[in-house]
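Q: sequence and computational prediction follow.
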Amino acid sequence: MKQALVIGASGGIGAAMVKELEARGYAVTARSRRHDGLDVTDAAAVSRVMGALEGPFDLIFVAVGTLAAGRAPEKALKQVTPAQMARVMAVNAIGPALVLAHAERLLPRQGRSVVGVLSARVGSIGDNRMGGWYSYRASKAALNQLVHGAAIEIGRKRQEAVVAALHPGTVATGFTADYPGHDKVGPEVAAARLADVMERLGSAQSGGFYDYAGREIPW
């Protein structure tokens, strides 16, 4: 049986991904802050929880994130505060980096494997035409760079591994409840789409940034 690891499994997309992967025949190991104490802003907690895992996992999905650390996203630079930006960066970029540091050890040495990291289209610098949301945009842009670097590092020893940043679309969860958007989909639909993308990506696409339909997004 194929093995999968979902980090952030108590969130909307993470929980839906657990169910989706189980339906696809994976034995799923789920970890989250709520149920396992995996606070990605705490290096010791990440080391404790991730270090206790053995693997190997054919698929790892990282679904941690915050929109604005309890405040509204900044519409103007004058609204940026060091504390809010640091918190958003800690959850959206530094935390996933600490998790990714364990990924290579947890992947099989031979054969295809995939690491999907939940990002967002607003992290694209080339696609930014609206401005605003400074901390969130910056944190996701930083995350994309970290994922790209991780793909290069992991690929040196695991040449069939795929590591990719993934944009789920606008998903109807508590994360987006206060922000109107067109074409919102449920977490179950988002998880199914992302699972399809992870199953289709090849090693030549490792290090890339893709949306829910598998289309590449500009950096």
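A: Arrived safely.

Q: what is the neighbour count of Lys2?
A: When neighbours are defined as other CB atoms under 10 Å, Lys2 has 13 of them. To be clear about C-beta, it is placed using only N, CA and C from the backbone, and glycine gets the same treatment.

Q: sorry, that was for Gly207
A: Around Gly207 there are 19 other residues, counting by other CB under 10 Å.

Q: what of Thr66?
A: When neighbours are counted by other CB under 10 Å, Thr66 registers 18.

Q: repeat for Ala27
A: 12.

Q: for it, grab phi and psi.
A: Per-residue torsions, Ala27: phi -90, psi 120 (degrees, to the nearest 10).

Q: and it, what does it touch?
A: Shown in contact with Ala27 (CB atoms under 8 Å, 6 or more residues apart in numbering): Met1, Lys2, Gln3, Ala4.

Q: that one and Leu21: what is the separation?
A: According to CB to CB, to the nearest Å, Ala27 stands 9 Å off from Leu21.

Q: between these two, what contacts are shared?
A: With CB under 8 Å, 6+ apart as the test, Ala27 and Leu21 both reach Ala4.

Q: quick one on the thing from earlier: among the contacts of Ala27, who's most crowded?
A: Using other CB under 10 Å as the neighbour test, the contacts of Ala27 are led by Ala4, with 25 neighbours.

Q: wait, that residue sits on Thr29?
A: Yes - if you go by CB atoms under 8 Å, Ala4 and Thr29 touch, sitting 7.1 Å apart.

Q: list residues touching both of the two?
A: Common neighbours of Ala4 and Thr29 are listed as Phe57 (criterion: CB under 8 Å, 6+ apart).

Q: what sits against Phe61?
A: When contacts are counted by CB under 8 Å, 6+ apart, Phe61 touches 4-7, 14, 17, 21, 115-118, 194, 198.

Q: apply 10 Å and report the result again.
A: 4-9, 13-14, 17-18, 20-21, 28, 30, 114-118, 166, 191, 194-195, 198 (CB atoms under 10 Å, 6 or more residues apart in numbering).

Q: so for the helix or strand where it lies, mean pLDDT?
A: Using DSSP states H and E, Phe61 sits within strand 59-62. Averaged across strand 59-62, pLDDT comes to 98.

Q: same deal with stretch 107-124?
A: For stretch 107-124, the per-residue pLDDT averages 97.

Q: now stretch 132-152
A: Average pLDDT, stretch 132-152: 98.

Q: could you find the closest non-adjacent residue to Gly207?
A: In space, Gly207 comes closest to Ala151 once its chain neighbours are excluded; the distance is 3.4 Å by CB to CB, 6 or more residues apart in numbering.

Q: isn't that neighbour right next to Ala165, touching?
A: Yes - taking CB atoms under 10 Å as the definition, Ala151 is a contact partner of Ala165 at 9.2 Å.

Q: intersection of neighbour lists for those two?
A: Joint contacts of Ala151 and Ala165 (CB under 10 Å, 6+ apart) are Val115, Val117, Gly207, Gly208.

Q: I'm done for today, thanks for sticking with me.
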